[in-house]
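Engineer: here's my sequence, what's the structure:
(chains A and B)
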Amino acid sequence: MNAIITRFAPSPTGNLHIGGVRTALLNYVITQKAKKKFPKSKFLLRIEDTDKIRSNNEFKNNIIDELNWMGFHHDDEPYIQSERIKRHQEVALDLLENNKAFKCICKPAELEKKRNENMKKHTNVKRLCTKCENSHDVQKLKNGYVIRIKIPNSENITLTDLVQGGITVENQEIDNFIILRNDGTPTYMLAVVVDDFDMGVNLIIRGDDHLNNSFRQFYIYKNMHWPIPQYAHIPLIHGEDGKKLSKRHGVLNISEFKEKGYLQEAIINNLILLGWAPSNDDEIISLEEIINNFEIKNLSKSSSIFNYDKLNYFNCYYLRKDTNVKKFHDYSQTNPQLKTFYRKDKEKLKRIFNIYKTKINYYKELENISPIYFEENFVTKKNILLNKEFKELLKKCIILLENLDLWESIKIEDLIKNFINTNKIKFISFGKPLRFTLINLENGPAVSDIFFILGKKNSILRLNNYIKG
RNA sequence: GACCCCUUCGUCUAUCGGUUAGGACAUCAGGUUUUCAUCCUGGAAAGAGGAGUUCGAUUCUCCUAGGGGUCGCCA
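Structural biologist: Now for the predicted structure:
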């Protein structure tokens, strides 16, 4: 056994998606685990941008940035597939010269028509070009053709997949796929194999939507006399409707999760539990523990549905940890609204976070919560709770508050408790209108915490303004 | 339509032939609490259906049904 070389190979035709993050996570975890035994193991990143029309740099940068943000650092510089076209062409010509591939001049529209007809007739839709391979005229052409791979007709292939197990496919089910396009550029099917071989990739972990491709790509490996890598085709994540995850399922790009204030460890914890479970019952699990315990062979073969409730549960758990207070600080610098509050009074913002962290699922929720505490010309709204008796009590209470030197939640709480005791009233009958007077909300944090957030001066100002108004 | 894969509570899963089928999220009910939340305790909730193999099947085999993936000069 040797070092394990894995790769994450996204195409930059969109931003990094939660499904892609999971694939990257699994590649990363497996490689880190392997590194403990074989330090030369590597996790590579390859940008598959052979589709020039749909690929762009913005997507490429997003993928690289977000992968780094997640903490899935790759070894080596990112490989850019389009820079290796010459090499891909070389392999295509090699296959052609060795009679492992052939030129084809079939028109896409004709093949499309034939495919539809064959589907209706319930016959094979895989070998649609039947004439070109045996036509001397076509094979002698100097241009205006595509190059297709040759697949023997009567054999079958069995591949052993680390997740899916042994799978056998008849060659009849494999098409003579194109390896070099009309314009001389390589297709994905060729480029992916050439690059994986050249980079020494020996374990391919990818979505099981590629499972069928393995059987096609097998013939490039075989004809080039290259070793077949190990495969692990992981089941896809689905939306709540059981369908492949897509836009209509809501937030999906990792950038959006980041922007909302989800933490990396919550996302990782949530994703690793799709299709896998740790041997003990403890589902709160760190990346380090995942690396130590995860086994790809224990991954489920069936797809799983992405669940926001559980993600929120994990995020809520992690963002409350004291060790993650710094993350809130970092987040507040990336969120425009929180950043202005931070500049105004960073201590106040921090107090808000500490008091609200048991009530929120992700940081962005503080956007709606914070403004009331930063409002400079605060005016208490009308409310049925604010009756005459309350007003009279409040006047007395303000005097006590003004005399309180140490403005801390516990001290304030004691003061209010004493106050209600001496006045023989119930906490709730005084506390609730008091909360409303301060922040125009009936429900929320303990009133002593609200006082603490606002600070002595501002709290008393708000109360006095209410009394006057 | 063809090929390949899958099927345990609503969701994610545990179980490597014998279990009161376990856990987590969500949900419901109590309790703590200063409202909301947190937290604690408890409840309800599952082997797609049918054959077989076996003393015994959630577990092994087959069939059916349902779901998913693939079938591009996209990746």
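
Engineer: doesn't A:Leu159 belong to a strand?
Structural biologist: Yes - assigned with DSSP: H, G, I helix; E, B strand; the rest coil, A:Leu159 falls within a strand.

Engineer: what's the separation between A:Thr50 and A:Asn377?
Structural biologist: According to Cβ to Cβ, to the nearest Å, A:Thr50 stands 59 Å off from A:Asn377. Using the backbone N, CA and C atoms, a C-beta is placed for each residue, glycine as well.

Engineer: more neighbours: those two, which one.
Structural biologist: Using other Cβ atoms under 10 Å as the criterion, A:Thr50 and A:Asn377 rank with A:Thr50 on top: 20 against 5.

Engineer: just checking, the more buried one touches A:Met189?
Structural biologist: No - in this structure, A:Thr50 is not within contact of A:Met189 by Cβ atoms under 8 Å, at 10.1 Å.

Engineer: what about A:Val29, which SS state?
Structural biologist: With three-state DSSP as the criterion, A:Val29 reads helix.

Engineer: and it, what does it touch?
Structural biologist: Counting by Cβ atoms under 8 Å, 6 or more residues apart in numbering, A:Val29 makes contact with A:272, A:287, A:290-291, A:294.

Engineer: change it to 7 Å
Structural biologist: A:290-291, A:294 (Cβ atoms under 7 Å, 6 or more residues apart in numbering).

Engineer: which ones are touching A:Asn15?
Structural biologist: A:Asn15 neighbours (Cβ under 7 Å, 6+ apart): A:59, A:62, A:253, A:255.

Engineer: tell me which of these fall in helices.
Structural biologist: Under the assignment DSSP state H, those contribute A:59, A:62, A:255 to helices.

Engineer: count the residues that sit near the closest residue to RNA strand B within the stretch 301-450 of chain A.
Structural biologist: Of all residues in the stretch 301-450 of chain A, A:Ser302 sits closest to RNA strand B, at 2.7 Å by Cβ to the nearest atom of the strand. Look at A:Ser302: counted by other Cβ under 10 Å, it has 8 neighbours.

Engineer: and if you look at A:Asp183?
Structural biologist: The burial count for A:Asp183: 6, using other Cβ under 10 Å.

Engineer: equivalent analysis for the one 5 residues further on, please.
Structural biologist: Counted with other Cβ under 10 Å, the burial measure for A:Tyr188 works out to 18 neighbours.

Engineer: picking up where we left off before, in a helix, the residue of the stretch 301-450 of chain A closest to RNA strand B, correct?
Structural biologist: No - using three-state DSSP, the assignment for A:Ser302 is coil, not a helix.

Engineer: hang on, the earlier thing: looking at the contacts of A:Val29, which one is closest to A:Asn335?
Structural biologist: Nearest to A:Asn335 among the contacts of A:Val29: A:Ile290, at 28.8 Å, using Cβ to Cβ.

Engineer: follow-up on the earlier one: so the residue of the stretch 301-450 of chain A closest to RNA strand B sits against A:Leu236, correct?
Structural biologist: No - applying Cβ atoms under 7 Å as the test, A:Ser302 and A:Leu236 come out as separate, 9.9 Å apart.

Engineer: nearest residue to A:Asn212 in space, please, no chain neighbours.
Structural biologist: A:Val169 (7.8 Å; Cβ to Cβ, 6 or more residues apart in numbering).

Engineer: next one, pLDDT for that neighbour please.
Structural biologist: Note on A:Val169: pLDDT of 94.

Engineer: list the buried ones in the helix or strand harbouring it?
Structural biologist: For A:Val169, the host element (DSSP states H and E) is strand A:165-170. Using 16 or more other Cβ atoms under 10 Å as the test for burial, strand A:165-170 gives A:167, A:169.

Engineer: each with direction, which strands does that strand pair with?
Structural biologist: strand A:156-161 (antiparallel) (DSSP bridges).

Engineer: the partner strand close to RNA strand B?
Structural biologist: No - using Cβ under 7 Å from any atom of the strand, strand A:156-161 never reaches RNA strand B; the gap is at least 8.7 Å.

Engineer: ok, which stretches of the stretch 251-400 of chain A are strands?
Structural biologist: All strands of the stretch 251-400 of chain A, identified by DSSP state E, counting those that start in this stretch, fall at A:304-305.

Engineer: residues of it that sit close to RNA strand B?
Structural biologist: A:273-277, A:281, A:283, A:298, A:300-305, A:307, A:309-310, A:312-313, A:358-359.

Engineer: so how far is RNA strand B from A:Pro227?
Structural biologist: 22 Å (Cβ to the nearest atom of the strand, to the nearest Å).

Engineer: residues contacting that residue?
Structural biologist: Here A:Pro227 is in contact with no residue (Cβ under 7 Å, 6+ apart).

Engineer: please, which helix or strand holds it?
Structural biologist: Residue-wise, A:Pro227 maps onto no helix or strand under DSSP H and E.
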